[in-house]
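**Q** 3D model of this:
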Amino acid sequence: MFFGSQTGTAEEYAVRLAKEAKSRFGLSSIVCDPEEYDFGNLDQVPNDKVVFFVVATYGEGEPTDNAQPLMEFLMDENVEFSQGGNTLENLNYVVFGLGNRTYAYYNEIARKIDKRLSDLGARRIGERGEGDDDKSMEEDYLGWKDTMWESFSKTLGVEEGGAGDVADFAVTEINTHPAEKVYHGELSARALAASASGNNTPIGSYDSKNPYPAPILSSNELFAVGGDRNCVHIEFDITGSGLTYQHGDHVGVWPINPDVEVERILSIFGLQSDERRNAVVNIESLDPALAKVPFPVPATYDAIFRHYLDISSVASRQTLAFLARYAPTPEAGEKLTRWGTNKDIYAAEIDGPCLKLAEVLQAAVGDSQSAPFDNTTIWPIPFDRIVSVIPRLSPRYYSISSSPKYVPSAIHVTAVVLKFKSAPSHAHDNNPRWVYGLSTNFILNVRNATSGSNTPNAQDGPGAIGDKQLPSAGLDKVALNNTPMYRLQGPRGHYARQNIFRVPIHVRRSTFRLPTSPKVPVIMIGPGTVSYPFDPDRQN
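**A** Prediction:
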């Protein structure tokens, strides 16, 4: 299973396909980054095996960064494989593309790979799948995969029912691990070393696997004060970090989940007490070739739900169908099955109202959707299944609104804060409700907290870790007119130190560049914004 992924979505689908191959047919797979593979060996793949390509199209018909070597190799007119030939009659392959129909080169990379492999004599299994992020990537995937698996079964001569529900991870609570080596939301080993010691993160190579906790230089509201909408201009200081950027690059901002969703899901799994939320768990993969542990461990339950798992996205139909077996009552199981198997009912009752997974579980048993969640029904879902079905919380990308020539030491982002009314929700007395974009509202929290009165102040901190104080209690009391609240101080208070807020960021290179010659004319179009359906995974 090869994935061409820029933000992690294609990798997620590749992992899901690998898991389904195991549960349907008992077949093992390897989920692989194409950067780590020599594609000259494609002519050695046995004809009783299948190679999957799950690839996103990025920018203007470009491959993702990690799929660039694959495309360069395959598209070479004089391509030659390891055994000296230039054909692939041995190869069976499957293609699923991720794209957006509003772009001119819709699913260009998937189409190019499909055509090139076919021209080289390889045999495609099933139809080429194409997911449209402008509408519903998930429904496109679900509508494609079952027919593909039927063709897969016939081509390879395998029957369903090979393995059933097989665990991907082993989860163990541990009591003796050194406190300074427990992750509380840090995104890398270097970040853990810095936060545990109270030091600044060292200068070094920062990227998507090791984001830089950038200090906030300033932030401003660009819309009318007191209005219904917000537009935040925020400036990240990259002085001394080694980070650089160019025109057209994007900045990845790593948000956290809002407090209300963390409390909701901790309550559903019986982990809301201080003792349980701060319990430390270690997670090991039972099949590293199929499923890698998606976040650093050992970590606390609170950190996992606050910093590492995307509990703020709309619950997927496939996840609901899978979790029905763990329902605490037969009636709740029937509801999850209905939502997970009926596309129209799911669209009307889950997707339209934008219900998150924890909200759906509450709705299935008739629990209140409002905090505090003192009487929430506990769901007996094994924690390893939770880690398997909830995707990793990924960075959100924004166009950089500053010039590297004018301010090379800072990265600016200008973003409209996403907030809109959903379709009527059966879980909310058939009324619409406000839905908040995860990352832009996180940025709005940061903007409000840095506006003056709530600037972090170490000496006012409530409680301590070792001899280091946590930031001011004022951080938890920023007035945001019902906007979700976020624990901005971060792991061990590391994102609010020395009276400055910090936000983890990294730079993603873009293939878009302005002409080098000033004589080349440029047409620039600045469209307005309109309301659009909310997808917390991709549109905020």
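**Q** Please state the offset of the helix or strand residue 171 falls within from the chain centre?
**A** Applying DSSP states H and E as the criterion places residue 171 in strand 169-174. For strand 169-174, the distance from its own C-alpha centre to the chain's C-alpha centre is 23 Å (Cα atoms, centre = their mean, to the nearest Å).
**Q** Mind jotting down where the strands sit in the stretch 351-500 of the chain?
**A** Assigned by DSSP state E, counting those that start in this stretch, the strands in the stretch 351-500 of the chain fall at 396-399, 410-416, 419-421, 434-436, 464-465, 468-469, 496-497, 500-508.
**Q** Where among those strands is average confidence lowest?
**A** Among those, strand 464-465 has the lowest mean pLDDT, at a mean of 28.
**Q** Downstream of the strand holding residue 171, the next helix or strand is which one?
**A** Per DSSP H and E, strand 169-174 leads on to helix 189-197 as the next helix or strand towards the C-terminus.
**Q** and that following helix with strand 500-508, angle?
**A** Going by axes from the mean of the first three to the mean of the last three Cα atoms, to 10 degrees, helix 189-197 is angled at 170 degrees with respect to strand 500-508.
**Q** who does the strand holding residue 171 touch, helix- and strand-wise?
**A** With contacts taken as 3 or more Cβ pairs under 8 Å, 6 or more residues apart in numbering; DSSP states H and E, strand 169-174 sits against strand 280-285, helix 383-389. Quick note: C-beta positions are derived from backbone N, CA and C, even for glycine.
**Q** Show me what the longest helix belonging to the chain is packed against.
**A** Among the segments of the chain that qualify as a helix by DSSP state H, the longest is helix 137-156. When contacts are defined as 3+ Cβ pairs under 8 Å, 6+ apart, helix 137-156 packs onto helix 9-25, strand 92-99, strand 129-132, helix 317-323.
**Q** cutoff 6 Å now
**A** Contacts defined by 3 or more Cβ pairs under 6 Å, 6 or more residues apart in numbering; DSSP states H and E place helix 137-156 against strand 129-132.
**Q** Just send the strands of the stretch 351-500 of the chain back as a markdown table, with distance to residue 356 and mean neighbour count too.
**A** Below are the strands of the stretch 351-500 of the chain laid out as a markdown table (distance: least, Cβ to Cβ, whole Å; neighbours: other Cβ atoms under 10 Å):
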| stretch | distance to residue 356 | mean neighbour count |
| --- | --- | --- |
| strand 396-399 | 17 | 20 |
| strand 410-416 | 22 | 20 |
| strand 419-421 | 15 | 16 |
| strand 434-436 | 10 | 18 |
| strand 464-465 | 30 | 12 |
| strand 468-469 | 33 | 16 |
| strand 496-497 | 26 | 24 |
| strand 500-508 | 23 | 22 |
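**Q** Any idea which of those strands gets closest to residue 92?
**A** Taking Cβ to Cβ, strand 500-508 is the member of the strands of the stretch 351-500 of the chain nearest to residue 92, at 33.6 Å.
**Q** who's in contact with that closest one?
**A** Residues outside strand 500-508 that contact it (Cβ atoms under 6 Å, 6 or more residues apart in numbering) are 187, 206-208, 211-216, 236, 243, 245, 249-254, 446, 450, 495.
**Q** Name every strand pairing with it and say which way it goes.
**A** Paired neighbours of strand 500-508 in the sheet (DSSP bridges): strand 212-221 (antiparallel), strand 250-253 (antiparallel), strand 496-497 (antiparallel).
**Q** Out of those strands, which gets the lowest mean score?
**A** For those, mean pLDDT drops lowest on strand 496-497, to a mean of 85.
**Q** all helices of the chain, in order?
**A** Assigned by DSSP H, the helices in the chain fall at 9-25, 68-74, 108-119, 137-156, 189-197, 259-268, 274-277, 301-303, 317-323, 330-341, 343-346, 357-365, 383-389, 438-449.
**Q** what's the closest of those to residue 231?
**A** Per Cβ to Cβ, nearest to residue 231 of the helices of the chain: helix 438-449, 9.4 Å.
**Q** Looking at the strands of the stretch 351-500 of the chain, which is nearest to residue 373?
**A** strand 434-436 (18.3 Å).
**Q** as a whole number, average confidence for the strand holding residue 171?
**A** 94.
**Q** Just the CA atoms of it, as CSV, please.
**A** Only the C-alpha atoms of strand 169-174 are listed here, as CSV (Å, rounded to 0.1, in the frame of the first residue of the first chain):
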residue,chain,number,x,y,z
PHE,A,169,-2.3,-2.4,19.0
ALA,A,170,-1.6,-3.6,22.5
VAL,A,171,-2.3,-1.0,25.1
THR,A,172,-0.8,-1.2,28.6
GLU,A,173,-1.2,1.2,31.6
ILE,A,174,2.2,1.7,33.3
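**Q** Partner strands of that strand and their direction?
**A** Partners of strand 169-174 in the sheet, by DSSP bridges, are strand 280-285 (antiparallel).
**Q** Could I get the average pLDDT for the partner strand?
**A** If you average the pLDDT over strand 280-285, you get 95.
**Q** if we can go back for a sec, now the helices and strands packed on strand 169-174 in CSV, with mean neighbour count and distance to residue 342?
**A** CSV is the format used below for these (neighbours: other Cβ atoms under 10 Å; distance: least, Cβ to Cβ, whole Å):
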stretch, mean neighbour count, distance to residue 342
strand 280-285, 17, 33
helix 383-389, 20, 19
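**Q** possible to save those as TSV with distance to residue 366?
**A** Output for the helices and strands packed on strand 169-174, formatted as TSV (distance: least, Cβ to Cβ, whole Å):
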stretch	distance to residue 366
strand 280-285	30
helix 383-389	22
